[in-house]
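Visitor: Sequence first, then the predicted structure:
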Amino acid sequence: MKNILFIAPTNYTLPINETLKKKFFALSEVCNVRVLAFADISTTMNEEYGKFFLYKKIKNRLINYLKIIQISIFATPNIIKKEKINIVCYQDPVSSFFSILFLKMRSIDVKIIVETHGDFIETLSLEKNLLFPNTYKRFFFLMAKYSLDKCDKVRAVSSSTEQQVIQISPSKNIVRFPAWVDFKDFEEIDSAIVNHDKFNILFIGSVTDRKKPHMIIDAINSLQDKNINLSIVGPTPNEKYLEELKELIVKRNLSSQISLIGSVDREKVKEFYKNSSLMVLPSISEGLARVIFESQVASCPVLVTDAPGMGDIVIDGQTGYMFESNNLESLSEKIAYIKDNYEEVTAIAKNAKNFILTNYSEDNFKFSFKKLFDTV
């Protein structure tokens, strides 16, 4: 098997959680796994499913970028040489720039794969409080273009991420298959979805302007239905947006119907899927959101925008529902329709579960990566 080094700006919580263990166990069946990433401490770990080179992540963004450059210059080439790496697989085109640049400058003989899991130009400017977002986006574009032009192959997780790569690097060789999702826990959920007096809507994901949970708040306000509740679950990386959300809830007089939950553990996530009547994701930009897969496998109905990429797994009226992106009236109408036609909705939710489990299995994930590594 080939020796693969996976490089990501991901910050791992130690010990590594069971979901990631399952992912790396699956990958270890098709390659020798090596991972370079971040954690709360610097450490090297030899595990049954792979070897991990973890560096302490620094909270200050500028200093952390400087550390990434240092790792790109010194640590990455050393790991490639010591571990006899055949292929380096990067998680996104922007964070991979410095590493690829120094590998090319030193003419290190290794194949390069760049993955793209979402909109790598807009996402950071929408999720972070950046002083000069347009300047950042210009730099992101130039860095991504270099990485995409210099790599040997690109792996996209959805049709939208594939199209973004084509626009930036038209001649690039691209393969497409979705990110890892651990279905086992979610497919065993005994869904409690029924159309009772309380209609529980779930938003789950990063609470940012890119994912637009404020649209659900405005939709509930326009429907004027006291039986509709909303739980907003997920991390809050943008404090300014979070404060705006809180102010909006108070302004709409919806404090009794809307709960800001924050981040929760995996067991709590499963409880939310089980007890929610509908999961709504109003994002204007997505790769292929893991929460859609999880909701569908848990038989929790989904309502998403018609933004590119969503249609890969949500077929309107068959495996979920769609509304027009950034259209409040369209969102409100769809919520009202789903609430009033819940027998149909329940059948569609069950159909979605069967669709995902049939087409996105662990075997498909392993086969796709093996084919990628064999053909790069």
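Guide: Thanks, I have it.

Visitor: Run through the protein and note the low-pLDDT ranges.
Guide: 121-133, 190-197, 285-287 (pLDDT under 70).

Visitor: Please, where are all the strands along it?
Guide: 3-12, 32-39, 43-47, 50-56, 87-90, 111-116, 153-156, 174-176, 199-204, 228-233, 258-262, 278-281, 302-305, 321-323 (DSSP state E).

Visitor: chain center to stretch 244-259: distance?
Guide: 27 Å (Cα atoms, centre = their mean, to the nearest Å).

Visitor: do the same with stretch 72-84
Guide: In terms of Cα atoms, centre = their mean, the centre of stretch 72-84 is set 28 Å apart from its chain centre.

Visitor: Contacts for it next, please.
Guide: If you take Cβ atoms under 8 Å, 6 or more residues apart in numbering as the criterion, stretch 72-84 is touched by 3, 5, 7, 34, 36, 51, 53, 55, 85, 88, 98-99, 101-103, 106, 108, 110. For every residue, glycine as well, the C-beta is placed using N, CA and C.

Visitor: For PyMOL, write the selection for the buried entries among those residues.
Guide: Here is the PyMOL command that picks out the buried ones among the contacts of stretch 72-84, judged by 16 or more other Cβ atoms under 10 Å:
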select buried, resi 3+5+7+34+36+51+53+55+85+88+98+99+101+102+103+110
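
Visitor: quick one, phi/psi of Arg106?
Guide: The phi and psi values for Arg106, taken as degrees, to the nearest 10, are phi -100, psi 0.

Visitor: Run a quick neighbour tally on the residue nearest to it when sequence neighbours are not counted.
Guide: With Cβ to Cβ, 6 or more residues apart in numbering as the criterion, Arg106 has its nearest non-adjacent residue at 6.3 Å, and that residue is Pro77. Neighbour count for Pro77, taken as other Cβ atoms under 10 Å: 17.

Visitor: all numbers from here: first residue = 867
Guide: Sure, I'll start numbering at 867, so the last one becomes Pro943.

Visitor: Distance check, Pro943 against Pro1103.
Guide: Pro943 sits 32 Å away from Pro1103, taking Cβ to Cβ, to the nearest Å as the criterion.

Visitor: What count of nearby residues applies to the closest residue to Pro959 other than its chain neighbours?
Guide: Spatial nearest neighbour of Pro959, excluding adjacent residues (Cβ to Cβ, 6+ apart): Ala1010 at 3.7 Å. When neighbours are defined as other Cβ under 10 Å, Ala1010 has 24 of them.

Visitor: before we move on, what about Asn1230?
Guide: Neighbourhood size, Asn1230 [other Cβ under 10 Å]: 13.

Visitor: Tell me who's in contact with it.
Guide: Asn1230 sits in contact with Phe1043, where contact means Cβ under 8 Å, 6+ apart.

Visitor: Now do the domain split for this protein, please.
Guide: Here the domain parsing of the chain from automatic domain parsing is 869-1047+1227-1241, 1050-1225.

Visitor: Run through the residues that contact Lys1092.
Guide: Lys1092 neighbours (Cβ under 8 Å, 6+ apart): Gln1123.

Visitor: try the one 4 residues further on
Guide: Listed by Cβ under 8 Å, 6+ apart, the contact set of Leu1096 reads Asn1066, Ile1067, Leu1068, Phe1069, Ile1082, Ile1083, Ile1086, Leu1120, Gln1123, Ile1124, Ser1125.
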